[in-house]
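K.L.:
how would this look folded up:
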Amino acid sequence: MNRAIRNSLFAAFILFLSVNLPALPAAAPDLAGHWDGAIALPSVKLQINLDFSKQADGTWKGDISIPLQNLKDLPLSDIKLDGMNASFAIPGIPGNPAFAGTLSADGSKLTGGFTQGGQKFAFELTRGADAATKAKKALEGFDDVITQGLAKINVPGAAIAVVKDNEVIFAKGFGFRDLEKKLPMTADTLLAIGSSTKAFTTFALGTLVDQGKVEWDKPLRNYIPWFRLYDAQAGERLTPRDLVTHRSGLPRHDLVWYNNSTSTREQLVRSLAFLPPTADLREKWQYNNLMFLTAGYLVEVLTGKPWEDSVRSLVFGPLEMTRSNFSVADSQKDADFALPYDERDGKLVKIPFRNITTIGPAGAINSSVNEMAHWVTVHINDGKYKDRQVVNSSTLNDMHAAYMPTGEVPTRPDISPPDYGLAWFINTYRGHQRVEHGGNIDGFSALVCLFPNDGLGFVVLTNKNGTPFPDLIVQTAVDRVFGLEAVDWIGEAAKRQAEGRDAQKKAEEKKATRRRPGTAPAHKLEEYAGDYWHPGYGLLKVDLKGTQLVFTYNAISTPLEHWHFDTFNGLKTDDPTFRDMKLSFRTDVNGNVAAVAAPFEQTMDEIVFARKPEAKLSNPDYLKKVSGKYQLQSQTITVSLRGESLTAVIPGQPVLDLVPELGGEFSLKQVKSIHLKFIEDAKGQVTGLEIYQAGGVFEAKRVRE
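P.N.:
Residues are numbered from 1 along each chain as shown. Below is the predicted model:
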């Protein structure tokens with residue numbers, strides 16, 4: 001048979017069907033129930049499953065699903081049952097495809113022929129439990145696996161939900177949400193889902209795409225005209241799809257937002273204009289939370305209300321996620337929430353909640369597995385939840401499509417490297433398409449994992465920082481449900497963790513070998529103290545407290561020890577963000593500590609924060625104080641306050657602007673190599689003006705009027 005005929009029959013089979021089913025021998029013929037089987041096409045056995053139910057008026061209702069083609073619950077028509085024979089069809093397909101068959105004597109099998117367009121193929125169906133029942137049975141005894149896994153991976157607690165088609169077949173909590181009080185984790189416990197939030201942002205955008213308010217592939221500046229990137233051309237071309245596929249060209253730059261409670265979302269989006277890229281637009285995949293923040297800000301621009309309110313109305317509301325929230329502060333007002341933990345020196349330690357509401361669109365949602373099960377349901381049912389189409393099926397499929405290779409390499413032949421869609425990682429797991437996204441934020445780790453073609457989905461939420469447990473337990477469960485050869489995912493990971501702890505301990509013992517002994521700072525410690533500024537990263541402050549320097553960035557304070565030369569090392573504190581980070585100070589040509597370089601983005605050169613001039617040089621009271629006339633030989637220099645800055649006038653020359661500089665000096669905006677400094681006596685009276693040039697230092701005396 002040629003391919004065209006075979007494909008025509010294949011497609012027709014998807015939409016039309018007629019079957020004859022024999023009845024059970026000891027009772028009247030009965031179609032009711034679930035049937036699994038296949039059609040023997042020339043090149044493949046096409047797997048199918050059917051469900052039948054008898055209506056109150058005596059008629060039959062049925063549907064058919066074809067996993068290979070991601071077709072679910074297509075309605076059947078003209079279902080007839082006559083003795084041991086039955087027939088039915090799927091309306092709307094040319095060629096009148098139909099099934100006709102005979103039940104076995106015990107009513108457990110149906111065999112016969114499928115016909116369409118003059119062609120005929122054998123088929124066989126077996127009566128059995130529906131898919132949800134089978135999946136439940138596969139997970140019998142799984143509670144013990146979870147409990148043992150928590151112990152092996154050292155996780156305080158976890159909540160897990162499994163959804164098959166439209167049914168939640170498993171939803172339970174294990175371990176503790178509060179170790180000290182021994183409060184149990186439940187399926188209703190609220191935990192942070194971290195970066196699994198990203199898919200909620202793209203889902204909200206998807207509903208706005210359905211409404212015609214935005215297009216994925218139009219330049220973002222169509223919607224946010226002032227938007228800019230460091231690379232101006234990339235900023236003009238960047239689209240909403242680029243925002244949510246990690247292909248902007250920017251690396252993470254996470255410390256811009258991490259623990260930042262002072263900047264607004266708009267301010268963070270504007271900071272992108274000052275953050276250098278490491279690749280061209282769409283050149284490579286680089287994870288970037290700030291781009292998802294920008295996607296959330298786009299939602300705000302399009303809807304005219306905060307991202308949180310938009311997600312409530314566009315996602316939470318339709319999915320009946322009534323307790324889910326956007327702030328760890330709100331979670332703590334609930335009767336059932338989990339505390340965050342980290343493993344330090346082999347022990348579980350409670351750590352503070354991290355408020356990340358500003359970066360919310362990239363990772364701030366908190367939820368329970370009972371409510372996240374609703375989220376899973378809409379994704380494995382073509383955008384439909386209960387009787388409501390929440391997002392168009394085509395839009396949902398677009399979110400699940402691969403748009404950017406991540407560049408990862410395979411670690412197993414049966415698991416492909418992931419690509420990235422619209423806030424989802426997509427790959428093939430042991431022969432099954434997998435769509436997933438994890439989430440990690442201080443004290444919590446999460447995973448949402450979907451198998452859309454199989455109508456199967458998982459959500460795992462834990463209260464431990466950076467644990468692989470969610471991935472391990474999902475893969476263990478998936479292997480059971482799909483009947484795959486078992487792999488000891490948890491045991492292998494526990495072994496790797498133990499080896500990793502030993503390797504880390506040895507590495508820490510050797511870190512001092514990178515230190516140059518016998519060196520000293522080039523300046524007195526007080527000379528390093530000051531405010532340092534980067535237009536994208538903002539303020540980094542260095543203070544001298546007693547005999548120790550302390551630097552503060554985004555409200556995280558870290559004491560420094562001298563490491564070598566002008567490099568200082570971050571010491572251990574309750575907040576480990578900057579532990580062992582090396583800050584290197586730089587001296588300018590005039591001997592001033594002029595900048596500090598910090599490795600805030602590991603994929604590029606250090607971020608250089610320029611030291612800010614003394615605050616008094618911009619203080620109106622000080623500027624008024626130094627205003628006046630100064631005599632330099634036969635010339636009179638007039639210094640005046642104009643607006644919020646100083647100007648200098650020398651007869652016969654244009655007005656010169658004074659710019660605050662380090663060392664209590666001003667430079668001339670028009671001639672940057674010339675510096676000025678006002679001289680004060682012991683009583684604080686301004687007595688003169690020194691002018692520094694390459695050829696020497698000139699002094700002008702103040703003229704008293």
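K.L.:
how about the strands in the stretch 501-650 of the chain?
P.N.:
Using DSSP state E, counting those that start in this stretch, the strands of the stretch 501-650 of the chain run over 530-534, 538-545, 548-553, 556-564, 567-570, 582-587, 593-598, 607-611, 628-632, 635-642, 645-649.
K.L.:
Distance to Lys109, mean neighbour count and mean pLDDT added to these, as TSV?
P.N.:
In this view, the C-beta of every residue, glycine as well, is placed from N, C-alpha and C. Output for these, formatted as TSV (distance: least, Cβ to Cβ, whole Å; neighbours: other Cβ atoms under 10 Å; pLDDT from 0 to 100):
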stretch	distance to Lys109	mean neighbour count	mean pLDDT
strand 530-534	72	19	98
strand 538-545	70	17	98
strand 548-553	70	20	98
strand 556-564	67	17	98
strand 567-570	70	21	98
strand 582-587	71	19	98
strand 593-598	70	21	98
strand 607-611	69	20	98
strand 628-632	106	18	95
strand 635-642	95	16	95
strand 645-649	91	18	96
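K.L.:
Which of those sits closest to Asp479?
P.N.:
strand 556-564 (41.7 Å; Cβ to Cβ).
K.L.:
what's the angle between that closest one and strand 582-587?
P.N.:
70 degrees (axes from the mean of the first three to the mean of the last three Cα atoms, to 10 degrees).
K.L.:
Please pick out the residue of this structure most distant from its centre.
P.N.:
Ser634 (67.3 Å; Cα atoms, centre = their mean).
K.L.:
can you list the weak-confidence ranges in the stretch 1-150 of the chain?
P.N.:
1-28 (pLDDT under 70).
K.L.:
Quick one: the strands in it, in order.
P.N.:
33-40, 45-54, 60-66, 71-75, 77-82, 85-89, 98-103, 109-116, 119-128.
K.L.:
Parallel or antiparallel, list what pairs with the fifth one.
P.N.:
Meaning strand 77-82. strand 85-89 (antiparallel) (DSSP bridges).
K.L.:
Distance from the partner strand to the middle of the chain?
P.N.:
49 Å (Cα atoms, centre = their mean, to the nearest Å).
K.L.:
I'd like to know which elements the helix or strand where Leu450 lies is packed against.
P.N.:
Element membership for Leu450, per DSSP states H and E: strand 444-451. When contacts are defined as 3 or more Cβ pairs under 8 Å, 6 or more residues apart in numbering; DSSP states H and E, strand 444-451 packs onto strand 191-192, helix 369-379, strand 432-441, strand 456-462, helix 469-482.
K.L.:
mind checking how far Arg228 is from Pro535?
P.N.:
According to Cβ to Cβ, to the nearest Å, Arg228 and Pro535 sit 12 Å apart.
K.L.:
cool, and Asp30?
P.N.:
Taken as Cβ to Cβ, the span from Asp30 to Pro535 is 74 Å.
K.L.:
which of these two has more neighbours?
P.N.:
More crowded of Asp30 and Pro535, by other Cβ atoms under 10 Å: Asp30, with 16 against 12.
K.L.:
Pretty sure the more buried one sits against Gly107.
P.N.:
Yes - Asp30 is in contact with Gly107 according to Cβ atoms under 8 Å; the separation is 7.2 Å.
K.L.:
if we can go back for a sec, most tightly packed of the helices and strands packed on strand 444-451?
P.N.:
strand 191-192 (a mean of 30; mean count of other Cβ atoms under 10 Å).
K.L.:
okay, the helix or strand that that one is followed by in CSV with CA atoms only?
P.N.:
Using DSSP H and E, the next helix or strand after strand 191-192 towards the C-terminus is helix 198-210. C-alpha atoms of helix 198-210 as CSV (Å, rounded to 0.1, in the frame of the first residue of the first chain):
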residue,chain,number,x,y,z
LYS,A,198,7.4,31.3,35.3
ALA,A,199,4.9,29.1,33.5
PHE,A,200,2.1,31.0,35.2
THR,A,201,3.4,34.2,33.7
THR,A,202,3.6,32.8,30.2
PHE,A,203,0.1,31.2,30.7
ALA,A,204,-1.3,34.7,31.6
LEU,A,205,0.4,36.1,28.6
GLY,A,206,-1.0,33.3,26.5
THR,A,207,-4.6,34.2,27.5
LEU,A,208,-3.8,37.8,26.5
VAL,A,209,-2.5,36.4,23.1
ASP,A,210,-5.9,34.7,22.8
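K.L.:
Sounds good, over and out.
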